[in-house]
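Chemist: My questions concern the predicted model and sequence given below.
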Amino acid sequence: MADNRKNRGQPDRSTINLNEDYEKEYWKKKFNVSGQALAGAVRAVGKSAKKVEAYLKDK
């Protein structure tokens with residue numbers, strides 16, 4: 001289900017949603033990786049931002 005853009009609360013930065021372009025761009029910039037590398041990391045360890053970050057640092 002897509003995020004409700006009318007909900008102006010704090011964004012959830014604990015998980016990565018690759019179905020939303022704006023989130024994908026945020027995480028690519030934050031981790032300084034390509035979209036392909038980000039998608040591969042999410043496939044490997046799941047959508048937890050902490051796990052993805054640790055996975056990408058080990059690469």
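Modeler: The structure has been received and is ready for your questions. Residues are numbered from 1 along each chain as shown.
Chemist: quick one: the strands in this structure?
Modeler: Read by DSSP state E, the chain holds no strands at all.
Chemist: Contacts only, for the residue nearest the centre of it.
Modeler: Here the mean C-alpha position of the chain is nearest to the C-alpha of residue 16 (C-alpha atoms, centre = their mean), at a distance of 3.1 Å. Counting by C-beta atoms under 8 Å, 6 or more residues apart in numbering, residue 16 touches 23, 27, 38, 42, 47, 48, 49, 52. C-beta: built from backbone N, CA, C; applies to glycine.
Chemist: Give me the pLDDT value at it.
Modeler: On pLDDT, residue 16 comes in at 94.
Chemist: rewinding a little: in helices, which of the contacts of residue 16 fall?
Modeler: 23, 27, 38, 42, 49, 52 (DSSP state H).
Chemist: how about those in TSV, adding pLDDT and neighbour count?
Modeler: Listed next are those as TSV, based on pLDDT from 0 to 100; neighbours: other C-beta atoms under 10 Å:
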residue	pLDDT	neighbour count
23	92	17
27	95	21
38	97	20
42	97	21
49	95	16
52	96	23
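Chemist: between the residues you listed, which is closest to residue 58?
Modeler: Residue 58 lies nearest to residue 52 out of these, by C-beta to C-beta, at 10.9 Å.
Chemist: Verify the stated contact: the closest one with residue 38.
Modeler: Yes: Residue 52 is within contact range of residue 38, at 7.4 Å (criterion: C-beta atoms under 8 Å).
Chemist: so what sits against both of those two?
Modeler: By C-beta under 8 Å, 6+ apart, residue 52 and residue 38 have these common neighbours: 16, 27, 31.
Chemist: dump the residue contacts of residue 32.
Modeler: Residue 32 touches nothing, counting by C-beta under 8 Å, 6+ apart.
Chemist: Just want the phi and psi numbers for it.
Modeler: Main-chain torsions, residue 32, degrees, to the nearest 10: phi 50, psi 50.
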